[in-house]
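Enquirer: the following comprises the amino acid sequence and a computationally predicted model.
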Amino acid sequence: MAAGKETKKKRNIPRKDTKQEKAEEKNIDAANHIAAEELVAAEVEAKKEASEEAAAPEVQEKEVTETKGGIVGGEAPRDEKKKSEEPLWAPKTELGRKVLNKEITDIMQIFNSGRRITEPEIADMLLPVESEIIMIGGSTGKGGGIRRTPSKRTTRMHKSGRRYTTSALVVAGNGNGIVGLGFAAGPPAKHRELMEKALQKAKLGMIPIRRGCGSWECSCAKPHSIPFAVSGKSGSVVIELKPAPNGIGLCVSDEVKKVMRAAGIKDIWSKTRGQTQSRINLIKAAFDALKRLDRFKVQESQLKSAGMVEGKAE
Ligand SMILES: [Zn+2]
C-alpha cells in the first residue's frame, strides 16, 4: 500500500512542474527574440563607435599613454577619463600591449610568429570583425517543423526536478580568410551573457585559413574557394568540402554558409555524413575541415596553380 501512495505523490509532482516549465519556456522564447534583436542593435552601435574612434584613434591613445607614464593623479585628465571610460581597453597580456601601442598593426604578424590571439580586443583592434549567431536550438511549434532559435536548451533530471542548460554558438570572422568559432553554455537566466561569451570565445579562437582555387573547371588562381578538398569531423558528423568553380556559390546548408561567409569563401561544394541535424556538430565539423586545410604540405607548383592564400588576401 505504501508503494501506491508514493506513486500517487509522484503523479502529483509533475503537474506543478509543467506550469513552471511553460512559464520558463515563454521567458526563454521571448529572450531568444530579444537577444537576436539586441545583438544586431549592439553590433550597429559598436560599429558606430568604432567608426567614431577610427576618426581620431591615435590622438586619444597617445594622451592615454602620456597620462600613464607622466602625470599621475593630476586634475587635468579627468575629462579624458569621462570620455574614454567605456571604450578604453586595458590589455592584460604583452601581446595586447603591443597591439595597443601600434607595435603590431597586422594580424598576420601574430599568426606568422606562431602565436594566437590572447585577448578578444586584439581582434577588434586589428580586424573588421563580423559575427553571426548560429541557430543551434529549436522548438516544435504550430504548422509542423521546427522553429529555429539561437540558443539551445537541454534538460537533465535531478532529484528535485528538471535542471536546464542553455548553449550558444557564434562564428566570427573578417570575411577575408580569418575565422573563429565560440561555444558557451550556462543557466537559462544568463542567456544574454552566454551570447556575449560565445562571441568573445570566437574572437579568441580566430585562425587564418587557406583559400585558393582548386577547381579544375575554373583554375583562375584567385582565392574564391579552397585549394583542395578536405574533410572535417565532430561527433558522428563528417563534412567534406570541395573546391568549386567561380560563380557556383555556397552549396552547403544554411548554417554552414555563415561559417563560409565569415571565412571569405565564395564558392564551395560539400558532402556530409552522420547526424547532420545536430547543428553544433555540423558547424564544428565544418570549422574542423577549414582548420585541416593547414595540415597539408603543398608544392610550389601547386601553390601557384591554385593561387593559394593563407589568411588575409590583399
Ligand atoms: Zn577559380
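Expert: Structure received.
Enquirer: quick one, longest strand in the chain?
Expert: strand 161-173 (DSSP state E).
Enquirer: tell me the buried residues in that strand?
Expert: For strand 161-173, a neighbour-count test (16 or more other CB atoms under 10 Å) marks 166-173 as buried. In short, each C-beta sits where N, CA and C put it, glycine included.
Enquirer: kindly report the same for stretch 137-150.
Expert: 137, 148-150.
Enquirer: what of stretch 183-199?
Expert: Buried, per 16+ other CB under 10 Å, within stretch 183-199: 183-185, 188, 191-192, 194-199.
Enquirer: now do it, average pLDDT.
Expert: Taken as a whole, stretch 183-199 carries a mean pLDDT of 90.
Enquirer: can you map out the helices along the stretch 101-250 of the chain?
Expert: 107-112, 120-126, 191-204 (DSSP state H, counting those that start in this stretch).
Enquirer: nearest to the ion, of those helices?
Expert: Of all the helices of the stretch 101-250 of the chain, helix 107-112 sits nearest to the ion, with 22.9 Å by CB to the ion.
Enquirer: can you list contacts of that closest one?
Expert: Counting contacts by CB atoms under 8 Å, 6 or more residues apart in numbering, the residues outside helix 107-112 that touch it are 95, 104, 116-117, 122-123, 126-127, 178, 207-208, 311-312.
Enquirer: could you report the pLDDT at residue 30?
Expert: For residue 30, pLDDT reads 65.
Enquirer: kindly apply the preceding question to residue 178 instead.
Expert: 91.
Enquirer: ok, which stretches of the stretch 201-314 of the chain are strands?
Expert: Remark: strands assigned in the stretch 201-314 of the chain by DSSP state E, counting those that start in this stretch are 207-208, 210-211, 230-234, 237-243, 250-251, 268-273, 309-310.
Enquirer: sorry, back to before: what two of the buried residues of strand 161-173 have the greatest distance between them?
Expert: 166 and 173 (23.9 Å; CB to CB).
Enquirer: the ion: which of the buried residues of strand 161-173 is nearest?
Expert: residue 173 (20.7 Å).
Enquirer: got the contact list for the closest one?
Expert: 129-131, 179-180, 206, 259, 261-264.
Enquirer: and these as JSON lines, adding distance to the ion?
Expert: JSON lines is the format used below for those (distance: CB to the ion, whole Å):
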{"residue": "129", "distance to the ion": "27"}
{"residue": "130", "distance to the ion": "24"}
{"residue": "131", "distance to the ion": "28"}
{"residue": "179", "distance to the ion": "20"}
{"residue": "180", "distance to the ion": "26"}
{"residue": "206", "distance to the ion": "25"}
{"residue": "259", "distance to the ion": "20"}
{"residue": "261", "distance to the ion": "18"}
{"residue": "262", "distance to the ion": "20"}
{"residue": "263", "distance to the ion": "16"}
{"residue": "264", "distance to the ion": "14"}
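Enquirer: can I have the buried ones of those as a ChimeraX selection?
Expert: For the buried members of the contacts of residue 173, the matching ChimeraX selection, counting by 16+ other CB under 10 Å, is:
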select :129,130,131,179,180,206,259,261,262,263,264
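Enquirer: now do the same contact list for residue 92.
Expert: 118-119 are the contacts of residue 92 under CB under 8 Å, 6+ apart.
Enquirer: and what of residue 310?
Expert: Residue 310 touches 177, 208-210, 294, counting by CB under 8 Å, 6+ apart.
Enquirer: repeat the analysis, applying 6 Å as the threshold.
Expert: By CB atoms under 6 Å, 6 or more residues apart in numbering, the contact list for residue 310 reads 208, 210.
Enquirer: point out where this protein drops to low pLDDT.
Expert: Scanning the chain with the threshold set as pLDDT under 70 gives 1-24, 27-87, 314.
Enquirer: near the ion, which residues of it are found?
Expert: Contact residues, the chain versus the ion (CB under 5 Å from the ion): 213, 218, 220, 246.
Enquirer: just give the nearest non-adjacent residue to the last one, would you?
Expert: Closest residue to residue 246 in three dimensions, ignoring its sequence neighbours and counting by CB to CB, 6 or more residues apart in numbering: residue 218, at 5.2 Å.
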